[in-house]
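Visitor: 3D, please:
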Amino acid sequence: MCALYTKGFVKAGMLSTQGREAYQNIPARICSMVDRQRAANEIALVNTETGEVTYGIKSLFAIIQHAVPVLKPLFSFSPFVWLMSKIYAFVSYNRKVIIPVTMKPKTIQPSFKLPYRLLYLLVTWIITAFNLTAYAHQLTPLVPLGGAYREYFICGGQIIFQALVISLYQKDKIWDYLGNMMTISFAGALLLLPAILMSHFFTFNAVFYLLYFLSVAGLMLLEHLRRSKILALGWIMSVTWVIYRFIVLGLIFSL
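Guide: Numbering: from 1, shown residues only. Below is the predicted model:
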């Protein structure tokens, strides 16, 4: 994620091509200036002439206001800085479950903050369930329409179910796995949005929405398999992920 937005800064002319470097590859000449663990959590901006170092949202503000000076008063407004620092931390401490990568051994790892992971699970659970509730109306009469909170219980149940499974399997990876799983659910919910929006302007048969939903579910399964491989979890978590969904489907049609 850091690579994506710093590349954007380079393309926009806010940074030179030599002005960005992964925290794992900090040049020796500036190593002594940077807190390497903090740089793993918050992107560091180093003034190589003065030795001044800023981190996180303040680094981004410094780069942006240098290109757009009119924003300097906003970036100096304490309530705005506080809010954006919290949003930055929310993304930063969850970035490895938003876009997972295989970490090289003996490299400095980003810190783990349980409150931010729990908040991430909560936010993705609410948004996912909200979208699924809206989409459920398009699946009737093929799939029975449940109560207003059915999808919230289903999504929340999946978190609990998979948490129980992985706690018996590889407990040390529980928070990484749950974060990745809810990223997949969140991405699937976003993929449903085009169909939800189309339903307000066009009329399609419920079969169309069912096929679209199954296509999204198939993509989600493939992504679940990919992320499980990155986490070195094998097939177990993907199998139980599918089993839970079949159990829910059976309950929906039996009630």
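
Visitor: Please make it C-alpha for all contacts and neighbour counts, starting now.
Guide: Will do.

Visitor: what about the stretch 101-250 of the chain, any weak spots by pLDDT?
Guide: 103-106 (pLDDT under 70).

Visitor: How are the helices of it distributed by residue range?
Guide: 114-136, 150-169, 174-198, 206-230, 236-254 (DSSP state H, counting those that start in this stretch).

Visitor: With mean neighbour count and distance to Leu142 as extra columns, can I get the ones you listed in CSV?
Guide: Shown next, in CSV, are those (neighbours: other C-alpha atoms under 10 Å; distance: least, C-alpha to C-alpha, whole Å):
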stretch, mean neighbour count, distance to Leu142
helix 114-136, 18, 10
helix 150-169, 16, 17
helix 174-198, 19, 17
helix 206-230, 16, 7
helix 236-254, 13, 10
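
Visitor: any idea how far stretch 128-142 is from the chain center?
Guide: 23 Å (C-alpha atoms, centre = their mean, to the nearest Å).

Visitor: hmm, back to that, for Ala39, which of the helices of the stretch 101-250 of the chain is the nearest?
Guide: helix 114-136 (17.9 Å; C-alpha to C-alpha).

Visitor: quick one: contacts of that closest one?
Guide: By C-alpha atoms under 8 Å, 6 or more residues apart in numbering, the surrounding residues in contact with helix 114-136 are 89-90, 93-94, 143, 145, 148-152, 155-156, 175, 178-179, 182-183, 185-186, 188-190, 192-193, 196.

Visitor: what do you get for stretch 212-223?
Guide: Contacts of stretch 212-223 (C-alpha under 8 Å, 6+ apart): 184-185, 188, 191-192, 238.

Visitor: Can you report phi and psi for Gln170?
Guide: Dihedral pair for Gln170: phi -140, psi 80, per degrees, to the nearest 10.

Visitor: got the phi/psi numbers for Thr50?
Guide: phi -100, psi -20.

Visitor: should've said Val53
Guide: Backbone phi and psi, for Val53 under degrees, to the nearest 10, turn out to be phi -130, psi 130.

Visitor: OK, contacts around it?
Guide: 33-34, 44-47.

Visitor: try 7 Å
Guide: Listed by C-alpha atoms under 7 Å, 6 or more residues apart in numbering, the contact partners of Val53 are 34, 44-47.

Visitor: what about it, distance to Ala62?
Guide: Going from Val53 to Ala62 by C-alpha to C-alpha, to the nearest Å gives 11 Å.

Visitor: Could you do Ile159 as well?
Guide: 39 Å.

Visitor: got the domain boundaries for this protein?
Guide: The chain breaks down into these domains under automatic domain parsing: 2-92, 114-254.

Visitor: Out of those, which is closest to Pro100?
Guide: So among these, domain 114-254 is nearest, using C-alpha to C-alpha, at 7.2 Å.

Visitor: Look up the pLDDT of Gln18 for me, please.
Guide: Looking at Gln18, its pLDDT is 66.

Visitor: can you check the one 5 residues further on too?
Guide: Per-residue confidence (pLDDT) for Tyr23: 65.

Visitor: and Leu45, that's in a helix?
Guide: No - counting by DSSP: H, G, I helix; E, B strand; the rest coil, Leu45 is not found in a helix; it is strand.

Visitor: Tally up the residues packed near it, please.
Guide: Neighbour count of Leu45, defined by other C-alpha atoms under 10 Å: 21.

Visitor: Surely it touches Glu52?
Guide: No - using C-alpha atoms under 7 Å, Leu45 is not in contact with Glu52, being 8.2 Å away.

Visitor: Could you tell me whether Thr54 really is in a helix?
Guide: No - counting by three-state DSSP, Thr54 is not part of a helix but strand.

Visitor: which residues does the nearest residue to it once chain neighbours are set aside contact?
Guide: Closest residue to Thr54 apart from its sequence neighbours, by C-alpha to C-alpha, 6 or more residues apart in numbering: Leu45 at 5.3 Å. Neighbouring residues of Leu45 by C-alpha under 7 Å, 6+ apart: 53-55, 59.
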